[in-house]
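Visitor: Generate coordinates for the sequence data below:
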Amino acid sequence: MITGRVTAQRDAMVRLVVLDRVHQPHDVDAVIDTGFNGFLTLPRTMVQTLQLPLAGNRRVTLGDGSTVVLDLYLLLQYCGTRNHARCWCWQRKAAR
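Guide: Numbers count the residues shown, from 1 in each chain. Here you go, the predicted structure:
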């Protein structure tokens with residue numbers, strides 16, 4: 001079971017374990033998004049620390065209706081077993 005906490009800003013948070021390129025574990029505090037679509041969203045600094053392989057980029061529509069292009073990376077998440085996952089890097093690129 002995954003347990004979490006609520007921040008002073010009323011964000012629901014959970015701690016996840018993700019594996020870097022050489023399969024070393026790193027704790028990541030994640031905000032639970034009510035619009036979760038199967039992708040984690042990580043800041044560029046975390047993507048660089050984990051040395052995640054770039055899988056391309058995708059145009060995505062945000063909750064406010066705006067469209068942006070985000071880089072897509074592959075990672076392993078650990079929750080008892082290793083699971084392949086995809087993550088967005090949140091540093092926005094200009095949409096066309």
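Visitor: Which strands or helices does the longest strand along the chain pack on?
Guide: Taking DSSP state E as the criterion, the chain has its longest strand at strand 67-78. In terms of contacts (3 or more C-beta pairs under 8 Å, 6 or more residues apart in numbering; DSSP states H and E), strand 67-78 is packed against strand 12-19, strand 39-42, helix 44-50, strand 54-61, strand 82-89. No exception for glycine: its C-beta is placed from N, CA and C like everyone else's.
Visitor: Which elements pack onto the helix or strand just after the first one?
Guide: Following strand 12-19 in sequence order, the next helix or strand is strand 25-31 (DSSP states H and E). Strand 25-31 sits against strand 12-19, strand 39-42, helix 44-50, with contacts defined as 3+ C-beta pairs under 8 Å, 6+ apart.
Visitor: Among these, show me which one is buried the most.
Guide: Among the helices and strands packed on strand 25-31, ranked by average contacts under mean count of other C-beta atoms under 10 Å, first place goes to strand 39-42 (a mean of 18).
Visitor: which stretch among the helices and strands packed on strand 25-31 comes nearest residue 61?
Guide: Nearest of these to residue 61, taken as C-beta to C-beta: strand 39-42 at 12.9 Å.
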